[in-house]
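# Have a look at this fold, sequence not included:
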DNA sequence: CCCCAATGTAGACGGTGACAACAATGCTGT
DNA sequence: ACAGCATTGTTGTCACCGTCTACATTGGGG
């Protein structure tokens, strides 16, 4: 438990240390730069050690994805003021999502990578579902308040999520002037809300 | 020029052969399975040969991205009937885009990967712009026909593209029941059109 | 208190991308 | 026609990676 990283044989919480370091490397250099061996080196452990905690590299990536969805869920939940007009709440959450998606672009790539198959595939899906729960609740509120047409909240949720995910993808690929991202979000969400109002 | 792939010293069009083989591997096994050495083997050439045509692996990926955008452009152009009510045309193009995006999911990942930096970054961007030209024209038609509010066509274009890209991402990640993808597209596009009509 | 399961180490293997030195080829100008 | 040269392939090498196996060190539970 010492700060000075004395090398004892048993690290103590290698798994957490590897994940933490991996998250940093991921943020700063991208998923391609992640190497189990280098992570081990960074953490001061032999190259075979990570294997005790992650069966293979994909397992590490999957664990990162779970971390990412958890963080995302917190971000979304915190962004919803909980009261006020629905469009304002939706806009706040939308901007929060896109903000997360651009701030943590590399993490997002890992979260939505297609390759998840490692522990049980459900772990990541469950984390993702949990992350979006607050948004579903928000949509239900919007329907109750008469801002959204009735129906399965997931219908609107899918459309909203798709829009935001697409905008984030555009921004992360540099296909949007960054300065205008929030405006794009506001514009797209406005269209979606108009098109989803009760008729 | 013989069919039986006699091994002469100079392949003739190694670059095209490598790209073609890479496209197949990409489609069948994903970007992670792409290996310059294996491609060289497949094409019957030494492991160092690809280097003459692609400075590094990223250059190969970038070339694949250009191919992808070209193919996408053809797909989109072919999907627009050119006449008829705007919503029908837009729906057809939208379904075509999502169809391409799911059929060529791995290629799409390469096309929208963040890492493009290789030859001049403009090559891919130019190919992308070209691919979306027909859609911009369609939007202009829609405005002229009174189906869309006036304004910069790119505003609606960005919103539309973001929506479709997001839906494709959801589908490719298995977060959508595949059977319902087209319905999701129709629903989302309908919302967007309603929200983008002149007021 | 001892033994075992968990955790970390050390070494090896095959594969990869990148690079350099060298060989074959075909195009160009004369 | 042909010499010379730029292009294109080849071969060998290097460092690195992920994975696997055999072994070492722990610490905690019977």
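On my side now, so go ahead. Predicted model, so just to flag it, every value in this text is computed and none were measured.

# Whatever residue of chain A ends up closest to DNA strand D: neighbour count?
Ranking the residues of chain A by distance to DNA strand D (C-beta to the nearest atom of the strand) places residue A:56 first, at 3.1 Å. Glycine gets a C-beta too; all of them are placed from N, C-alpha and C. Around residue A:56 sit 12 other residues, with neighbours defined as other C-beta atoms under 10 Å in any protein chain shown.

# Tell me the confidence at it?
Taken from the predicted model, the pLDDT recorded for residue A:56 is 96.

# One more: residue A:1?
Value for residue A:1, per-residue pLDDT: 39.

# do the same with residue A:7
On the pLDDT scale, residue A:7 gets 67.

# can you give me phi and psi for the residue of chain A closest to DNA strand D?
According to degrees, to the nearest 10, the main-chain angles of residue A:56 amount to phi -150, psi -180.

# residues in chain A within reach of DNA strand C, list them.
Near DNA strand C, the residues belonging to chain A are A:7, A:9-12, A:14, A:40, A:45-49, A:51-53 when assessed by C-beta under 7 Å from any atom of the strand.

# On the three-state scheme, residue A:84 is what?
Going by DSSP: H, G, I helix; E, B strand; the rest coil, the secondary structure assigned to residue A:84 is coil.

# With residue A:174 instead?
Residue A:174, by the three-state scheme (three-state DSSP), is coil.

# Just give the number of residues close to it.
Other residues near residue A:174 number 12, with proximity taken as other C-beta under 10 Å.

# same deal with residue A:27?
Tallying neighbours of residue A:27 according to other C-beta under 10 Å, which is how burial is gauged here, yields 13.

# How about residue A:159?
Number of residues near residue A:159 (other C-beta under 10 Å) recorded here: 24.

# ok, now residue A:58?
Applying the criterion other C-beta under 10 Å, we find 16 residues in the vicinity of residue A:58.

# what's the answer for residue A:63, then?
22.

# what helix or strand is it on?
Remark: residue A:63 resides in helix A:57-79, with elements defined by DSSP states H and E.

# List the contacts of that helix.
Under the criterion C-beta atoms under 8 Å, 6 or more residues apart in numbering or on different chains, residues A:18-19, A:22-23, A:26, A:31, A:34, A:36, A:39, A:50, A:54, A:92-93, A:95-97, A:99-100, A:104, A:107-108, A:110-111, A:113, A:115-119, A:123-124, A:127-128, A:130-135 lie in contact with helix A:57-79.

# list the contacts for residue A:80?
Residue A:80 sits next to A:89, A:92, A:93, A:134, A:138 when contact means C-beta under 8 Å, 6+ apart.

# Go through those and flag which are in strands.
Taking DSSP state E as the definition of strands, the contacts of residue A:80 contribute nothing to them.

# of all these, which two lie farthest apart?
With distance counted by C-beta to C-beta, no two of the contacts of residue A:80 lie farther apart than A:92 and A:134, which are 11.6 Å apart.

# and chain A, which residues reach DNA strand D?
Applying C-beta under 7 Å from any atom of the strand, one finds that chain A approaches DNA strand D through A:8-10, A:34-38, A:47-48, A:51, A:55-58.

# again, 10 Å this time
Applying C-beta under 10 Å from any atom of the strand, one finds that chain A approaches DNA strand D through A:7-10, A:12, A:32-41, A:46-52, A:54-61, A:118.

# mind listing the helices for chain A?
The residue ranges that make up the helices of chain A, judged by DSSP state H, are A:14-29, A:36-43, A:57-79, A:86-103, A:105-111, A:122-144, A:153-172, A:181-196.

# got the angle for the second one vs helix A:57-79?
If you take axes from the mean of the first three to the mean of the last three C-alpha atoms, to 10 degrees, helix A:36-43 sits at 60 degrees to helix A:57-79.

# and helix A:36-43, which residues are buried?
A:36, A:39, A:40, A:43 (16 or more other C-beta atoms under 10 Å in any protein chain shown).

# Closest to chain B out of the residues you listed?
Of all those, the one sitting nearest chain B is residue A:36; the distance, using C-beta to the nearest C-beta, is 15.3 Å.
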